[in-house]
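Chemist: The sequence and its predicted three-dimensional model are supplied below.
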Amino acid sequence: QVQLVESGGGLMQVGDSLRLSCAASGRTFSTYAMAWFRQAPGKEREFVAAISRGGGTTLYADSVKGRFTISRDNAKNTGYLQMNSLKPEDTAVYYCAVRFSSFISTEANEYGYWGQGTQVTVSS
């Protein structure tokens, strides 16, 4: 079992930066790949970014590439999503998720454990 708790969301202005954190407990953090997804009101949950167990491989959605950076600190059992140059379309609930695999995925149904989400609102 893995428990995930996101934090760091808030109300931001266009162009601001924000860092989300995902604190993990339970199974050893370095044994699973991690991802961030988001869900805006009235929309389906969408992939944002993913990172491999050791952090050597990352993948981003086109909509955030060049603005967001996913990282992890296995010693602290924590993952991060650094978000720069925020836009109103980044407004959503952001979720971290993990899968016990060497490989990352963009598919939400391949992640077995999820946090409760943290709200990010970008105001223009």
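Modeler: Sure thing, it's come through.
Chemist: And the residue lying closest to Tyr80 once chain neighbours are set aside, what's its pLDDT?
Modeler: Excluding its sequence neighbours, the residue lying closest to Tyr80 (C-beta to C-beta, 6 or more residues apart in numbering) is Ser71, at 4.8 Å. C-beta here means a position set from N, CA and C on the backbone, and glycine is covered the same way. The model reports Ser71 with a pLDDT of 98.
Chemist: Go ahead and list the helix or strand containing Ser71.
Modeler: For Ser71, the element it lies in under DSSP states H and E is strand 68-73.
Chemist: quick one: strands adjacent to that strand?
Modeler: strand 78-83 (antiparallel) (DSSP bridges).
Chemist: and the next helix or strand after the strand it pairs with, what does it pack onto?
Modeler: Sequence order places strand 92-99 as the next helix or strand after strand 78-83, per DSSP H and E. Contact partners of strand 92-99 among helices and strands, from 3 or more C-beta pairs under 8 Å, 6 or more residues apart in numbering; DSSP states H and E: strand 2-7, strand 18-26, strand 33-39, strand 78-83, strand 113-114, strand 118-123.
Chemist: Let's see that with 10 Å instead.
Modeler: On a contact count with 3 or more C-beta pairs under 10 Å, 6 or more residues apart in numbering; DSSP states H and E, strand 92-99 meets strand 2-7, strand 18-26, strand 33-39, strand 46-51, strand 78-83, strand 113-114, strand 118-123.
Chemist: List the residues that contact Trp36.
Modeler: 6, 20, 22, 47-51, 60-61, 64, 68, 70, 79-81, 83, 94-97, 115 (C-beta atoms under 10 Å, 6 or more residues apart in numbering).
Chemist: Please name the bridge partners of it.
Modeler: Counting by DSSP bridges, Trp36 is bridged to Ala49, Cys96.
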